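> for reference, the sequence and a predicted model appear below.
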Amino acid sequence: MNTAPAASLAPLLQSNGAQTLTEQLSAQLAQRIKQGLLAPGARLPSVRECAKRYAVSPFTVVAAYDRLQALGLIEAQRGRGFYVRSVAVQTQRSAASRPRPQRVDAGWLIRGMFNQLSENLQPGSGMLPAVWLENPHVGPAMREAARTAPERWLQYGDPKGLPELRDQLARRCIEHGVPATADTILTTNGATHALDLVYRALLHPGDTVLVESPGWFVEFARYAEAGVQMLAVPRLINGPDLDVLEALAAKHKPKLFVCVAKLHNPTGSSMATSVAHRLLQIADAHGFYVVEDDTYADFVEACSTVATTPRLAALDGLRQVIYLSSFSKSLAPAWRCGYLTAAPALLERLTDLKLLSMLTTQPTGEMALHYVMSTGAYRRHMLRLTEHLQRASARAIKLAEQHGCRFVIPPAQGLFGWVDTGVDSEKLALALLDEGWLIAPGALFYPQRSSEQHGSPYMRINYATSGDLKFWRCFAQVRDRLK
Ligand SMILES: Cc1ncc(COP(=O)(O)O)c(C=O)c1O
């Protein structure tokens, strides 16, 4: 077994503000191991020897060796010293070794969004840029929560969620006309978890649900996995096509209809009050629940036309409507804070299911959310965010139109626009991926991939991430090649 030659450990480290000596030393050694300059099985110098060579303290060397061990690059052999591992623990595949997808599906887009392809903002993303979401109140919120109730950080939370947050959320619902109380609010890990609980409470394999088409693809993928039959209700400019919905309800006896009434994903459209009234009448006549997914709730205030129309849950008084919302789009997806409200008996059942599925939600995040909401910081943050969005939308709409896209639904002030690209957007998505751009092709947003939707020319754009002229130039070139 050979000891790493002293010469291979130069150069000396320098104190600088950017990296600690420990970080520099561990980075240098890691690089040498990865380059093969320190071969598998080689013994590293003793702590004392290494400290002398690098003119650092033994403490720095121990800390650097600890890091290399944690990275799986070296191992300590009791009483003998540190050795380069023969097989470095490799946890990451290089991007190049990942297979290029043959077709696009929900998983494809979600993975693409979560593993950002590059530094570029991605027009197909469903999120706002991280810099927009930077919030100076997060740190103080966490500190305040730790200061005022340190013991709560160490316990499971309340089954329904942090009581003072539920109180705040109930007030927010009441402002929207939704008759919730702190006792009929259930906090969740985002809207996705709320939808999951509803699905567990009300659906069994073989049941039928009505879904919007186009609509949010994650919901479709979940139903498909669970063996629940989806019936597509076309989403029109003012909401769902109620003639189709009524006919389907009469024939198939669905258990529920899931919809995004305001600032719909992907079209950006909102439901008219007359449509909302008739939808509730149909639900009443055919005995199905309406799940109102109000994930984009806090962007509604900025849209004067949309802000004045009532929520479905407000019109119905939470009899047949289950209302849910989230802070993923407004604060940050990482908060994983959402909630739902429903009729009291159903709410209790949903609470049991929450406990069975994950015990409680995290009190820490809920305490921080309560802090930003109760201090007014959240309201100020939303004002800033919606101003950003308005500016970005104006630019993205102009660029999309200049590059030959037609808005299928007139653009509103939400996060998304729904455009006709003039070519098969699935092919476009695969070709643009090769150029480093992720787009959200229309076919993804349909519950059934019928031949009609196959080759869909539609594409969802995120206004916040579609303002880069480089993207649109590339888009136009690739699109013209496909024509
Ligand atoms: C309609 C709709 N519901 C729910 C979600 C997910 O929300 P959350 O991150 O709170 O789970 C999204 C995210 O894109 C969405 O568009």
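Perfect, thanks for sending it.
> what distance do you get for residue 464 to the ligand?
13 Å (Cβ to the nearest ligand atom, to the nearest Å). C-betas here are computed from N, CA, C, even on glycine.
> surely that residue meets residue 131?
No. Using Cβ atoms under 8 Å, residue 464 makes no contact with residue 131, being 10.3 Å away.
> neighbour count: these two, which is higher?
Neighbours were tallied for residue 464 and for residue 131 using other Cβ atoms under 10 Å; the higher tally belongs to residue 464 (22 against 8).
> residue 327 and residue 366 touch, don't they?
No. Assessed by Cβ under 8 Å, residue 327 is found out of contact with residue 366, at 10.5 Å.
> shared neighbours of these two, which are they?
Here residue 327 and residue 366 have residue 337 as joint contacts, going by Cβ atoms under 8 Å, 6 or more residues apart in numbering.
> so which of these two has more stuff around it?
residue 366 (27 against 23).
> surely the more buried one is within a helix?
Yes. The assignment for residue 366 by DSSP: H, G, I helix; E, B strand; the rest coil puts it in a helix.
> list the buried residues for stretch 260-273?
260-272 (16 or more other Cβ atoms under 10 Å).
> what's the end-to-end length of it?
14 Å (Cα to Cα, to the nearest Å).
> mean confidence score for the helix or strand harbouring residue 131?
Secondary structure assignment for residue 131, by DSSP states H and E: helix 130-133. Rounded to a whole number, the mean pLDDT of helix 130-133 is 82.
> list the buried residues of the following helix or strand past that helix.
Using DSSP H and E, the helix or strand that follows helix 130-133 in sequence is helix 138-148. For helix 138-148, burial by neighbour count (16+ other Cβ under 10 Å) applies to 138, 140, 141, 142, 144, 145.
> could you report the pLDDT at the second one?
Read it as residue 140. For residue 140, pLDDT reads 79.
> go on, the last one?
Residue 145 is assigned a predicted lDDT (pLDDT) of 73.
> is it true that it touches residue 371?
Yes. With contact defined as Cβ under 8 Å, residue 145 counts as touching residue 371 (6.2 Å).
> re the thing from before, out of the buried residues of helix 138-148, who's nearest residue 430?
Nearest to residue 430 among the buried residues of helix 138-148 is residue 138, at 37.8 Å by Cβ to Cβ.
> who's in contact with the closest residue to residue 416 other than its chain neighbours?
Nearest residue to residue 416, sequence neighbours excluded (Cβ to Cβ, 6 or more residues apart in numbering): residue 268, at 4.7 Å. Neighbour list for residue 268: 409, 411, 412, 414, 415, 416, 417, 418 [criterion: Cβ under 8 Å, 6+ apart].
> which of those sit farthest apart?
Taking Cβ to Cβ as the measure, the contacts of residue 268 have their most distant pair in 409 and 415, spaced 13.5 Å apart.
> neighbour-wise, which of the two wins?
Neighbours were counted for residue 409 and for residue 415 using other Cβ under 10 Å; residue 415 has more, 26 against 19.
> so residue 232: helix, strand or coil?
Under three-state DSSP, the three-state class of residue 232 is strand.
> which one's the longest helix in this protein?
Identified as the longest helix of the chain according to DSSP state H is helix 377-402.
> output the lowest mean pLDDT helix or strand found in the protein.
Least confident helix or strand, the chain: helix 106-114 with a mean of 61, by mean pLDDT, DSSP states H and E.
> identify the residue nearest the geometric centre of this protein.
Geometric centre of the chain, nearest residue: residue 333, 5.0 Å, by Cα atoms, centre = their mean.
> where exactly do the helices run in the stretch 251-400 of the chain?
Per DSSP state H, counting those that start in this stretch, the stretch 251-400 of the chain carries helices over the ranges 273-286, 297-300, 304-307, 312-316, 344-358, 363-374, 377-402.
> which of those sits closest to residue 448?
Taking Cβ to Cβ, helix 273-286 is the member of the helices of the stretch 251-400 of the chain nearest to residue 448, at 21.3 Å.
> for residue 237, phi and psi?
The phi/psi pair for residue 237 (degrees, to the nearest 10) reads phi -60, psi -30.
> isn't it up against residue 409?
Yes. If you go by Cβ under 8 Å, residue 237 and residue 409 touch, sitting 5.5 Å apart.
> overlap of the contact sets of the two?
residue 269.
> residue 380 - how many residues pack around it?
13.
> got a pLDDT number for it?
pLDDT at residue 380 comes out at 89.
> likewise residue 383?
For residue 383, the predicted pLDDT is 89.
> if you look at stretch 359-375, does any of it touch the ligand?
No. Counting by Cβ under 6 Å from any ligand atom, the ligand is not contacted by stretch 359-375; separation bottoms out at 12.1 Å.
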